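**Q** need a structure here:
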Amino acid sequence: MQKKKYNISVEATLEVIGGKWKCVILCHLTHGKKRTSELKRLMPNITQKMLTQQLRELEEDGVINRIVYNQVPPKVEYELSDYGQSLEGILHLLCAWGETHLTRVYGDKFSVLEESVLNEQLK
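**A** Sure thing, here's the model as predicted:
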């Protein structure tokens, strides 16, 4: 197997957490375990297919853990792995930069932020 080459290390980071939804999923998981249905409710604009795909990729990269409970009906939860918890600082910095950007562009960040558990702490 040939090793992949990267121009700079940020490419490796973006390969794991890049895209529209992965950081959002990870931010929600910094607040604790979530079931798929909870994540879907927190991110109403993501399709079920995309959510499932993103969760699988994050699990494959070792960033999240999938916990399956042996019960009827089946119960599955997702949580940050120990490795995934190492991203918390980066995620908080991305959120802070986004808040600054929204204020710079729109003046009032709350005029463009949706009601969300993650946005409650900003008030």
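
**Q** contact partners of stretch 47-63?
**A** Contacts to stretch 47-63, defined as C-beta atoms under 8 Å, 6 or more residues apart in numbering, come from residues 16-17, 19, 21-22, 25-26, 36, 39-40, 43, 46, 64-66, 78, 80-81, 83-84, 87. All C-beta spots, glycine's among them, are computed from the backbone N, C-alpha and C.

**Q** actually stretch 33-46, sorry about that
**A** 21, 24-25, 28, 48, 51-52, 54-55, 67, 75-79, 116-117.

**Q** the contacts of stretch 47-63 in strands, which ones?
**A** 64-66, 78, 80 (DSSP state E).

**Q** among these, which two are most distant?
**A** Spanning the widest gap among those are Arg66 and Leu80, at 11.7 Å by C-beta to C-beta.

**Q** who has more neighbours, these two?
**A** Comparing Arg66 with Leu80 by other C-beta atoms under 10 Å, the one with more neighbours is Leu80, at 21 against 14.

**Q** partners of the more buried one in the sheet?
**A** Ile64 (DSSP bridges).

**Q** what score does it have for pLDDT?
**A** According to the prediction, Leu80 has pLDDT 98.

**Q** may I have the helix or strand hosting Arg56 as PDB, with CA atoms only?
**A** In the assignment (DSSP states H and E), Arg56 maps to helix 48-60. In PDB, the C-alpha atoms belonging to helix 48-60 read as follows (Å, rounded to 0.1, in the frame of the first residue of the first chain):
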ATOM      1  CA  GLN A  48     -30.600  11.000   7.100                       C
ATOM      2  CA  LYS A  49     -28.300   9.500   4.400                       C
ATOM      3  CA  MET A  50     -25.700  12.200   4.900                       C
ATOM      4  CA  LEU A  51     -25.800  12.000   8.700                       C
ATOM      5  CA  THR A  52     -25.300   8.200   8.500                       C
ATOM      6  CA  GLN A  53     -22.400   8.600   6.100                       C
ATOM      7  CA  GLN A  54     -20.700  11.300   8.200                       C
ATOM      8  CA  LEU A  55     -21.100   9.300  11.400                       C
ATOM      9  CA  ARG A  56     -19.600   6.200   9.700                       C
ATOM     10  CA  GLU A  57     -16.600   8.200   8.400                       C
ATOM     11  CA  LEU A  58     -16.000   9.800  11.800                       C
ATOM     12  CA  GLU A  59     -16.200   6.400  13.400                       C
ATOM     13  CA  GLU A  60     -13.900   4.900  10.800                       C
END
